[in-house]
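Chemist: turn this into a model:
(one chain, ligands or ions: 1)
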Amino acid sequence: MTFPVYTDHDELSKEEFKEIKEKCFEGTREYSYSPYSKFRVGAAILADNGEYFIGANIENASYGAAICAERSAIVQANMHRNKKFKAIAISSDSKEPISPCGICRQVIREFGPKLPVFMFASDGSFKKMYLNDLLPFSFGPENLGINP
Ligand code: THU
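Modeler: Below is the predicted model of the structure:
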């Protein structure tokens, strides 16, 4: 089985790519609250209107209440009235790029069924996959007859 993994950033200009990368590492390094796992994760999402929103994992003493970086970025964007996006990026301190967990894939899917997902390793190298490849045959608003 081969997975559709890419190493380009064709959807974004050079500046946008640089910015989304910086912002997601800012999420990792400045905003992650991860005293339990000590695994810092950041995310950044670029809205269609050019605005960036940062997310970070926010953990909890009741472990299951933790929220991932990707979801926190999407919530942040929504709170600023942004629901249409060009790309999302994820970073951590890990040497290998990390990919969104299953719950985050579903949440990203709501607002970007084909969104490019940039996954950064700590050295700045990255892999890109599309959400529909990360979450094939997914469930969404259309299945409920809704076109939000
Ligand atoms: N985490 C994220 O924030 N995003 C992911 O895609 C994977 C996992 C967080 C959740 C938890 O705070 C920590 O990483 C360890 O699982």
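Chemist: can you give me the helices for this structure?
Modeler: Residue ranges of the helices in the chain, as given by DSSP state H, are 14-26, 69-79, 102-111, 131-134.
Chemist: now these in JSON lines, with mean pLDDT, distance to the ligand and mean neighbour count?
Modeler: C-beta coordinates here come from the backbone N, C-alpha and C atoms, glycine included. Listed next are the helices of the chain as JSON lines, based on pLDDT from 0 to 100; distance: least, Cβ to the nearest ligand atom, whole Å; neighbours: other Cβ atoms under 10 Å:
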{"stretch": "helix 14-26", "mean pLDDT": "98", "distance to the ligand": "11", "mean neighbour count": "18"}
{"stretch": "helix 69-79", "mean pLDDT": "98", "distance to the ligand": "4", "mean neighbour count": "22"}
{"stretch": "helix 102-111", "mean pLDDT": "98", "distance to the ligand": "5", "mean neighbour count": "18"}
{"stretch": "helix 131-134", "mean pLDDT": "98", "distance to the ligand": "11", "mean neighbour count": "17"}
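Chemist: compare those and report which one is nearest to Pro148.
Modeler: Nearest of the helices of the chain to Pro148, taken as Cβ to Cβ: helix 102-111 at 8.1 Å.
Chemist: okay, the angle between that closest one and helix 69-79?
Modeler: 30 degrees (axes from the mean of the first three to the mean of the last three Cα atoms, to 10 degrees).
Chemist: please renumber the chain so that the first residue is 557 from this point on.
Modeler: Right, with 557 as the first residue, what we last looked at is helix 658-667.
Chemist: against which helices or strands is helix 658-667 packed?
Modeler: Here helix 658-667 touches helix 625-635, helix 687-690, going by 3 or more Cβ pairs under 8 Å, 6 or more residues apart in numbering; DSSP states H and E.
Chemist: now those in JSON lines, with distance to Lys579?
Modeler: As requested, the helices and strands packed on helix 658-667 are exported to JSON lines (distance: least, Cβ to Cβ, whole Å):
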{"stretch": "helix 625-635", "distance to Lys579": "9"}
{"stretch": "helix 687-690", "distance to Lys579": "19"}
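Chemist: residues from the protein in reach of the ligand?
Modeler: 590, 593, 595, 597, 613, 615, 622, 624-626, 654, 656-657, 660 (Cβ under 6 Å from any ligand atom).
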